[in-house]
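*Asks:* sequence first, predicted model second:
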Amino acid sequence: MNLSCYLAGKPIASNRHLAVNNPYHGKAVGSVTLAGREQTDAAIVEALNWREPPTRFQRSQILEKARNLLETRNEEFARLITAESGLCLRETRYEVGRALEVLRFAAMEALRDDGQIFSCDVSPQGKARKIFTLREPLGCAVCITPFNHPLNQVAHKLAPAIAAGTPVVLKPSEKTPLTAIRFAELLYEAGLPGPMLSVLLGATAEVAEPLVRDPRVDLVSFTGSGAVGKRIAATAGYKRLVLELGGNDPLIVLDDADLDLAVALAAEGSYRNSGQRCTAVKRILVQETIAGEFTRRLVGKSEEYPCGDPMEDATRVGTVIDEQAAIYLETVVKESVASGARVLIGGDRRGALFPPTVIANVPRDCRMVTCESFGPLAPIITVRDLDDAIALANSTEYGLSSGVVTGSLEKAIACVKRLRCGNVNINEVPGYRVENSPFGGIKDSGLGIKEGVIEAIKCFSFVKTFSLAW
Ligand code: NAP
C-alpha cells in the first residue's frame, strides 16, 4: 500500500518516502510520500484562505457519510491498524467501533447550537438589550497525534473540528501513518472540502515544529508524550494549546473489593491494547490484607490473555509498537527485580512481543511505576489503607485517570474528592469513558482542558458575542 500525504485534499508528489513495517514479522506494510517545509507553509495558507465553511447540515452529513463508509470498511481498517501497529484484531476492531461512535456524536453535535442569550436589564445599570453568543470556526488548527490508537486519536481531533467547521493540518504519528491517511481519504470521499484538511508527514524540523511555531495557527491540539507536549508548550507562542499527555494511572483495590471484579479490571486495564493506552493501569495499589489472594488470582487471569500473532483471532495481546519499546519494558522489569520485585508470569520478550507480566513486591520508587511504562505490565504495590493508597496514587508527576475497586460508597467518594487527576472511575478501569464525555488530565498529563467530542468542539471554535437593543 503506497500512500501520499495530502495538501488541501490533493496528493503530494515527492521522491521522499517513509517505509512502514509490521512490528510482528518486520515485513513491509506500505509507504507514504513525505512533505517538506514548502508544503507545510502551503497547508497553513490553504486553511486560512478557506472562506466557505459548510453549513451545520452539510458538516453533519459529511460526518454521517464518513461513519457509513467506515462501517462498510470496518474490517479493512481493523486489519490495517493491526498490520502497522501490531495491535491484535480484537483491539483494532474495538478501536474502529470507537471511531464510529466519535463520528456519530460529532454528526449530532454539528447540528446543535449551544448559543446563549443574556438579558441586559438585570441590574440597576442595565439596559434594554440582549447579548447573544455564537460559535465561529478557527482559521487554522494543527493536530498532532500519537501511535497508540492510530484511528481513534485522529478521529477524536478531526471529527470535532469538522463539526466546528475548522480547517485542520494533521500531523499523524510516523509509526502509524497509513491508517491516518486512509481515514483522511475516507473523509474526502464523504464530501469534506479539500482545504479543510491537509495531512503531512515529514522531518520534525520541516513539518511538526514549523506547524507548532507558526503564529498564523490558532490552535495546536496535541496528544502524545509529556516530553514532546512540554516542548510544544515551550515553543508554540501565543496560541491556544490542548495537550493530552501521558499517564501512570493507578488501580486502587481496597480490602472490601469484589475480588473477581478487581482481578478482571486489573487484567483488562493492564493488558488491553498491549498496555499502550494513556489510561492503561500502570500501577495496582492493593491493600496488604488481600494482596496475596489478589495476586494469585491475577496470575491465573493473565493466562487468559495469549500473546502472539496479532492477526490471529485468538490473540489477545499483540506486539508493542516496535522492538525498542519491548526492550524498554524488559529493562524496567529487570530493574525492578534488581530492587526486590518478583516476576510471577510473563517478562520474556520475543522481538516486539511482550506478554502480560505480573510483577509482585514492586518497590514504590522504581522506574516501572514512577514513570510511564507503555506495555502489558501489571505491577503490584501493597498499601496499608485508604490514606496510604491515595497518597501513593497522588505521588507521581502524572494526573490523568484512576480506578478504585471498593464496596464502600464512603471510600469511593473519598477517592473522587482526594485523587489529584482528571478522571476517577469507581469499580471500573481508569480508561472508562464514552466518546462524547469530557476527558483529560492535569499535572504532567495535561493542562486540564478536556477533550471528548463535545468539549473538543469548544476548543476548535471561538465564542463571539453580539448585542442588540431589545
Ligand atoms: P510522542 O512520541 O510524543 O509522539 C506524538 C506525536 O508528536 C507524533 O506524531 C510525533 O511525530 C510528534 N512529535 C514528535 N516530536 C515533535 C516535536 N518536536 N514537535 C511536535 N510534534 C512532535 O508520543 P507517542 O510515543 O506517539 O505516543 C505515546 C504517548 O502518547 C504516551 O505517553 C501516551 O500516554 C500518550 N497518549 C496520551 C493520550 C491522552 O489522551 N492523554 C492518549 C493517547 C496517548 P513522529 O511520529 O514523527 O515522531
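*Replies:* Looks like it arrived, so ask away.
*Asks:* residues of stretch 63-76 that come out buried?
*Replies:* Judged by neighbour count (16 or more other C-beta atoms under 10 Å), stretch 63-76 contains these buried residues: 63-67, 69-70, 74. For glycine as for every other residue, the C-beta is placed from the backbone atoms N, C-alpha and C.
*Asks:* for those residues, give me a markdown table that also has distance to residue 13 and pLDDT.
*Replies:* Formatted as a markdown table, the buried residues of stretch 63-76 follow (distance: C-beta to C-beta, whole Å; pLDDT from 0 to 100):
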| residue | distance to residue 13 | pLDDT |
| --- | --- | --- |
| 63 | 30 | 98 |
| 64 | 32 | 98 |
| 65 | 28 | 98 |
| 66 | 26 | 98 |
| 67 | 31 | 98 |
| 69 | 26 | 98 |
| 70 | 27 | 98 |
| 74 | 31 | 98 |
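*Asks:* for these, which one is nearest the ligand?
*Replies:* Closest approach to the ligand among the buried residues of stretch 63-76 (C-beta to the nearest ligand atom): residue 70, at 20.0 Å.
*Asks:* my read is that closest one is in a strand, agree?
*Replies:* No - read with DSSP: H, G, I helix; E, B strand; the rest coil, residue 70 is helix and lies in no strand.
*Asks:* what does the stretch 201-350 of the chain put close to the ligand?
*Replies:* 204, 208-209, 212, 223-225, 228, 231-232, 244-247, 278 (C-beta under 6 Å from any ligand atom).
*Asks:* now restrict those to buried residues only.
*Replies:* 208-209, 212, 223-225, 228, 232, 244-247, 278.
*Asks:* nearest to residue 139 among these?
*Replies:* residue 212 (15.9 Å; C-beta to C-beta).
*Asks:* residues contacting that closest one?
*Replies:* By C-beta atoms under 8 Å, 6 or more residues apart in numbering, the contact set of residue 212 is 142, 144, 220, 232, 235-236.
*Asks:* most surrounded residue in these?
*Replies:* residue 142 (29 neighbours; other C-beta atoms under 10 Å).
*Asks:* please name the bridge partners of it.
*Replies:* Taking DSSP bridges as the rule, residue 142 bridges to residue 169, residue 220.
*Asks:* excluding its backbone neighbours, what's nearest residue 198?
*Replies:* residue 43 (3.7 Å; C-beta to C-beta, 6 or more residues apart in numbering).
*Asks:* make TSV out of the contacts of residue 212 and add pLDDT.
*Replies:* Shown next, in TSV, are the contacts of residue 212 (pLDDT from 0 to 100):
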residue	pLDDT
142	98
144	98
220	98
232	98
235	97
236	98
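*Asks:* between the residues you listed, which sits nearest residue 312?
*Replies:* residue 144 (32.6 Å).
*Asks:* tell me the phi and psi of the closest one?
*Replies:* Backbone geometry at residue 144, expressed as degrees, to the nearest 10, gives phi -120, psi 130.
*Asks:* which residues touch it?
*Replies:* 170-172, 208, 211-212, 220-224, 232.
*Asks:* just send these back as CSV, with distance to residue 363 and secondary structure too.
*Replies:* Converted to CSV, these look like this (distance: C-beta to C-beta, whole Å; DSSP: H, G, I helix; E, B strand; the rest coil):
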residue, distance to residue 363, secondary structure
170, 42, strand
171, 39, strand
172, 38, coil
208, 37, helix
211, 41, helix
212, 38, helix
220, 38, strand
221, 37, strand
222, 33, strand
223, 31, strand
224, 29, coil
232, 33, helix
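*Asks:* now, which of these sits nearest residue 342?
*Replies:* Looking across the contacts of residue 144 and measuring by C-beta to C-beta, the closest to residue 342 is residue 224, at 33.0 Å.
*Asks:* so who does that closest one touch?
*Replies:* Here residue 224 is in contact with 144-146, 173, 244-245 (criterion: C-beta under 8 Å, 6+ apart).
*Asks:* hmm, try it at 6 Å
*Replies:* By C-beta atoms under 6 Å, 6 or more residues apart in numbering, the contact set of residue 224 is residue 146.
*Asks:* what of residue 286?
*Replies:* 253, 294, 380, 382 are the contacts of residue 286 under C-beta under 6 Å, 6+ apart.
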